[in-house]
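In: predicted coordinates and the sequence they were generated for:
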Amino acid sequence: MRTKQDFPSINERQAIGVNPEGRPYRVLVVDDSMFVTKQISQILTSEGFDVVGVAGNGLEGLEKYKELFPNVDLVTMDITMPKMDGVSALEKIIEFDKNARVVMISALGKQDLVKKSLLIGAKNYIVKPLDRKKVLERVLLALK
Ligand SMILES: [Mg+2]
């Protein structure tokens, strides 16, 4: 696990992926597209977040969450995935940990599933294609 010391102060700005005690926020990234998991991981790690796990479908995501718990602060959850979709995985993760912080990653045109996810307990959502600013903004909102 990385600490504050791994981010030398090139400037004085504190990495936003680090909590007030200087510990990186730990993120599990769930998406069946390797392109998207790489993209999210790159955005988050560049800001000091710690990507502690990656899963390629909802079932694997659920299993990884249970494995990592309680050492996981946030999940990014794709909606459309094989084996178990993101909405079902969200449901099961919340069943397991009612305080889970999950941000849904949605393709365009999935408003109904996004709404459903927010009702189930997702903290926020991001619509693809992923925009760096939006990813960071929504993830930080979900961590508040
Ligand atoms: Mg997908």
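Out: Now that the structure is in, tell me what you want to look at.
In: mind checking the SS state of Val72?
Out: For Val72, the secondary-structure state derived from DSSP: H, G, I helix; E, B strand; the rest coil is coil.
In: give me the pLDDT value at it.
Out: pLDDT for Val72: 98.
In: could you measure from the nearest residue to Val127 once chain neighbours are set aside over to Lys115?
Out: Counting by C-beta to C-beta, 6 or more residues apart in numbering, Ser106 is the residue found nearest to Val127 once chain neighbours are left out, at 5.3 Å. Where you see a C-beta, it was placed from the backbone N, CA and C, and this is true even at glycine. Ser106 sits 10 Å away from Lys115, going by C-beta to C-beta, to the nearest Å.
In: between these two, which has more neighbouring residues?
Out: Neighbours were counted for Ser106 and for Lys115 using other C-beta atoms under 10 Å; Ser106 has more, 19 against 12.
In: right, and that one touches Lys128 too?
Out: Yes - the pair Ser106 / Lys128 is scored as a contact, 6.8 Å apart, by C-beta atoms under 8 Å.
In: how about the most centrally placed residue in the chain, secondary structure?
Out: Nearest to the mean C-alpha position of the chain, by C-alpha atoms, centre = their mean, lies Thr76 at 2.5 Å. On the three-state scheme (three-state DSSP), Thr76 is labelled strand.
In: that'll do, ta.
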